[in-house]
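1. sequence first, predicted coordinates after that:
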Amino acid sequence: MAPTAFYDQTRRQLARLGLPLGDLERIPRSDRTFPDGGHFRIEVPTVNTVPAAETLLAESRRRGFTINRITETRGMYRHTAREIGAYVALGKEYGTEILMSVGPRATYDIGGGVQTPEGSRIGYRLRGQDQIVRAVEDVKRGIGLGVRGFVVYDEGLLWVLGRLRSSGELPADIHLKVSAHCGQGNPASAQLLEMLGANSFNPVRDLTLPMIAALRQAVGIPLDCHVDNPPTSGGFIRTYEAPDIVRAAAPVHLKTGNSALDGHGVSPTPAQLDGILRQVEIVTEFLGRHYPQARQSAARALQPAGAVPGKDV
């Protein structure tokens, strides 16, 4: 439902494009699921060392809850081939999806613009065609080492990788996740990213529930929504909203645990890893307590992502 009675002509025009009339004040329950019937999965981002990944997966199993996805965010070209292989092996051992991030990005480039207050709006996007070439090479290196899930920070790179996948020059089963660092947060942008080849989409971190529901109305791919954040990106903790996020956004990855960290791109300390585990356990408890009908996907063997999601994604 549109929040006001104004702008009816524009709202109808946008509706013909497959967009909602507005942010959904009356939040409908999403009837979409992951292929296994799950409504949500738990994702832990900023897992930037192999020992950190191993600790999180082993301890979560010991404590009796499931982490479905581990996301590395430092960049593949910051890791040795041995380390990348170890990430892949952990994913297979624990039935966890492993996503690794494309290494080349603005903050690693020699360009100084991104370091300025105005230039920081660039995010991690790529500068120049050679950086596109290097980013594709980074993905190819990861594929050769067994990685099948990639965090993408540049919309042009997403288009390139999606085209190479469609043409058969990259494997059909690679998963392309758009990072929140791209700064996208509305249904039109979400549709564009889906058309460019995104298999899942991480909107900006501070969307309201009506805004999240509007995203779900616009796209079929899974949404990756932050339940908590480090101080550098707001520091908010939405534990009590987690059931509502699942209800509105399924299928959804609940990004959980980063409130235990000082910021993004860091290597968690042992104490911070324990804080991440505690937050995951709390969110899992709250889902079971307040929305028991919602099903979390079980730990599983790696499955192909698929390039063209349908109703059940």
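-> On my side now, so go ahead.

2. Ala190 contacts Ile212, correct?
-> No - between Ala190 and Ile212 there is no contact under C-beta atoms under 8 Å: 10.5 Å. For glycine as for every other residue, the C-beta is placed from the backbone atoms N, C-alpha and C.

3. can you pull the residues that touch both of these two?
-> Counting by C-beta atoms under 8 Å, 6 or more residues apart in numbering, the contacts common to Ala190 and Ile212 are Pro203.

4. list the contacts for the residue nearest to Thr232 when sequence neighbours are not counted?
-> Distance criterion C-beta to C-beta, 6 or more residues apart in numbering; nearest residue to Thr232, sequence neighbours excluded, is Gly263 at 4.0 Å. Shown in contact with Gly263 (C-beta under 8 Å, 6+ apart): 230-233.

5. ok, residues contacting the helix or strand hosting Val246?
-> Val246 is part of helix 242-249, with elements assigned from DSSP states H and E. Applying C-beta under 8 Å, 6+ apart, the contact partners of helix 242-249 are 24, 27-30, 39-40, 209, 212-213, 215-216, 223, 225, 227, 238, 252, 254, 283, 286-287, 290-291, 294.

6. rerun at 7 Å
-> Residues from elsewhere that reach helix 242-249 (C-beta atoms under 7 Å, 6 or more residues apart in numbering): 27, 29-30, 39-40, 209, 212-213, 216, 223, 225, 227, 252, 254, 283, 286-287, 290-291, 294.

7. got the CA positions of it in CSV?
-> Taking C-alpha atoms only, helix 242-249 is exported to CSV below (Å, rounded to 0.1, in the frame of the first residue of the first chain):
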residue,chain,number,x,y,z
ALA,A,242,14.9,-10.4,12.9
PRO,A,243,11.6,-12.3,12.9
ASP,A,244,9.9,-9.4,11.0
ILE,A,245,12.8,-9.3,8.5
VAL,A,246,12.4,-13.0,7.8
ARG,A,247,8.6,-12.7,7.5
ALA,A,248,8.9,-9.8,5.0
ALA,A,249,12.0,-10.7,3.1
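
8. that's a strand at the residue nearest to Thr232, yeah?
-> No - counting by DSSP: H, G, I helix; E, B strand; the rest coil, one finds Gly263 to be coil, located in no strand.

9. His253 and Ile221 touch, don't they?
-> No - the pair His253 / Ile221 is not scored as a contact, 10.9 Å apart, by C-beta atoms under 7 Å.

10. what is in contact with these two at once?
-> By the contact definition C-beta under 7 Å, 6+ apart, His253 and Ile221 are jointly contacted by Ser200.

11. next structured bit after the helix holding Val246?
-> Past helix 242-249, the next helix or strand by DSSP H and E is strand 252-255.

12. contacts only, for Asn202.
-> Counting by C-beta under 7 Å, 6+ apart, Asn202 has contacts 177-180, 224.

13. quick one: the closest residue to Pro270 other than its chain neighbours and Val47, what's the gap?
-> In this structure, Pro270 finds its nearest non-sequential neighbour in Thr55, 7.7 Å apart by C-beta to C-beta, 6+ apart. Noted for Thr55: a distance of 9 Å to Val47, by C-beta to C-beta, to the nearest Å.

14. which of the two has more neighbours?
-> For Thr55 versus Val47, the count of surrounding residues by other C-beta atoms under 10 Å is larger for Val47: 30 against 18.

15. can you read off the pLDDT for that one?
-> For Val47, the pLDDT comes out at 96.

16. look at it and give its secondary structure.
-> Going by three-state DSSP: Val47 is coil.

17. looking at it, it is touching Ala53, isn't it?
-> Yes - using C-beta under 7 Å, Val47 is in contact with Ala53, at 5.0 Å.

18. now the common contact residues for the two.
-> Contact with both Val47 and Ala53 is made by residues Ile70, according to C-beta under 7 Å, 6+ apart.

19. what helices or strands is the longest helix along the chain leaning on?
-> Assignment by DSSP state H gives helix 270-290 as the longest helix of the chain. Judged by 3 or more C-beta pairs under 7 Å, 6 or more residues apart in numbering; DSSP states H and E, the packing partners of helix 270-290 are strand 40-44, helix 50-63, helix 242-249.

20. pLDDT score for Arg12?
-> 92.

21. just checking, it is part of a helix?
-> Yes - membership of Arg12 in a helix is supported by three-state DSSP.

22. that one: how many residues sit nearby?
-> So Arg12, with other C-beta under 10 Å, has 10 neighbours.

23. count of neighbours near Thr33?
-> Thr33 has 19 neighbours, counted by other C-beta under 10 Å.
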